[in-house]
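Q: this is the structure alone, sequence omitted:
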């Protein structure tokens, strides 16, 4: 099944949320510790990943006019991601210092006070094409720091309430516990967003914080009952699991030589949305019609994209023409 072509100026996906710079640890020639700036932020990573997988995609975010903002714009442009929904800002770029554990997984500390991406307000949307109205048929993805940092969180809350039911909505909490100041309020907002979303993706680490000691199958069942049409859970090197209306499937992860896992979950999300786009299922009706075989093919594609990303330092998802197969 193939998706119908979009007009040249219409994105298939708009990704709304954070756009920041990861400060990734590297060693200097004399062995001292240093940090290398790399484009990052969960939503920016998803948008770049989609662009690289040949999905017409725009990032809705405020991007600083500082040097780090120039780095982000260049990265998006090189990835094929559209800048039509990127808003200029004089505030500094959010920075995330990355700390790598022995197994290659990453922990983060954030520097986000008064920064560009978290400053997105409802009035900024009026400066977007068509006054902030999303084209018919365009999917919306959001989550991560957008659930946490004000005023961005309230702006995206208004956006998802406005757009739910009008287009496919994808949600990835990508929880950063160190930034959560009110756990109860966060959980209430997240539950509301799950009920409005069509696709919900979470990692096992997310679930351990969101719903500790609860089986992931039970969480997924509750999310589906609340309104979601597709739930995806990732388990790192142990693969991924998906539950739809009529089936659930687990697939293993490919074995690769891991450099680090930065951006792997975002690459998985990009893979999921790209597969839905390329197979003509980037809609609630398309998601609801996924059977067991469809889910297995979708997951296999997404875990391959995520595993490939782990073979490079930083959030560097693959390009579709780098040997990544086109779903069909």
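A: Yes, it's here. On a predicted model such as this, the values are computed, not experimentally measured, just so you know.
Q: rest of the way, CA atoms for contacts and neighbours
A: Fine.
Q: stretch 279-299: how far from the chain's middle?
A: 18 Å (C-alpha atoms, centre = their mean, to the nearest Å).
Q: what mean pLDDT does that stretch get?
A: On average, the pLDDT along stretch 279-299 is 96.
Q: in it, which residues are buried?
A: Under the neighbour-count criterion of 16 or more other C-alpha atoms under 10 Å, stretch 279-299 has 279-284, 287-288, 290-292, 294-299 buried.
Q: and what of stretch 119-138?
A: For stretch 119-138, by 16+ other C-alpha under 10 Å, it's 119-121, 125, 128, 132, 134-135, 137-138.
Q: redo those as TSV? Include secondary structure, distance to residue 36 and pLDDT.
A: Shown next, in TSV, are the buried residues of stretch 119-138 (DSSP: H, G, I helix; E, B strand; the rest coil; distance: C-alpha to C-alpha, whole Å; pLDDT from 0 to 100):
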residue	secondary structure	distance to residue 36	pLDDT
119	helix	25	97
120	coil	26	97
121	coil	30	96
125	helix	32	90
128	coil	32	88
132	helix	35	86
134	coil	36	91
135	coil	37	87
137	coil	39	91
138	coil	35	96
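Q: most widely separated two among those?
A: Using C-alpha to C-alpha, the two most remote members of the buried residues of stretch 119-138 are 119 and 137, lying 27.4 Å apart.
Q: which one is residue 210 nearest to, not counting chain neighbours?
A: Nearest-residue entry for residue 210: residue 187, 7.3 Å, with adjacent residues in sequence omitted and distances by C-alpha to C-alpha, 6 or more residues apart in numbering.
Q: is it true that that neighbour touches residue 211?
A: No: Residue 187 lies out of contact with residue 211 (C-alpha atoms under 8 Å); the separation is 9.6 Å.
Q: for the stretch 51-200 of the chain, just list every one of the strands.
A: Taking DSSP state E, counting those that start in this stretch as the test, the strands found in the stretch 51-200 of the chain are 57-64, 86-89, 95-100, 106-111, 139-143, 169-172, 199-203.
Q: the third one pairs with which strands?
A: Which is strand 95-100. Strand 95-100 has these partner strands in its sheet, going by DSSP bridges: strand 20-27 (parallel), strand 106-111 (antiparallel).
Q: in TSV: these, plus mean pLDDT and mean neighbour count.
A: Converted to TSV, those look like this (pLDDT from 0 to 100; neighbours: other C-alpha atoms under 10 Å):
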stretch	mean pLDDT	mean neighbour count
strand 20-27	86	20
strand 106-111	81	15
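Q: need those in CSV with distance to residue 51, can you?
A: What follows is the strands paired with strand 95-100, written out as CSV (distance: least, C-alpha to C-alpha, whole Å):
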stretch, distance to residue 51
strand 20-27, 17
strand 106-111, 24
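Q: for residue 75, find the nearest of those.
A: Relative to residue 75, the nearest member of those by C-alpha to C-alpha is strand 20-27, separated by 11.0 Å.
Q: quick one: the next helix or strand after that closest one to strand 20-27, angle?
A: Using DSSP states H and E, the next helix or strand after strand 20-27 towards the C-terminus is strand 33-40. Interaxial angle, strand 33-40 versus strand 20-27 (axes from the mean of the first three to the mean of the last three C-alpha atoms, to 10 degrees): 150 degrees.
Q: tell me the buried residues in strand 33-40?
A: Buried residues in strand 33-40, counted by 16+ other C-alpha under 10 Å: 37-40.
Q: for the stretch 101-250 of the chain, what spans make up the helices?
A: 152-163, 183-196, 204-210, 216-226 (DSSP state H, counting those that start in this stretch).
Q: most packed of these?
A: For the helices of the stretch 101-250 of the chain, average neighbour numbers computed from mean count of other C-alpha atoms under 10 Å are highest in helix 152-163, which has a mean of 18.
Q: roughly how far out does that one sit from the chain middle?
A: 16 Å.
Q: ok, residues contacting the biggest helix by length in the chain?
A: If you go by DSSP state H, the chain has its longest helix at helix 292-309. By C-alpha atoms under 8 Å, 6 or more residues apart in numbering, the residues outside helix 292-309 that reach it are 239-242, 246-256, 261, 263-272, 275-276, 315-318, 324, 327.
Q: tell me which of the residues you listed fall in helices.
A: Checking the contacts of helix 292-309 against DSSP H, those in helices are 264-272, 275-276.
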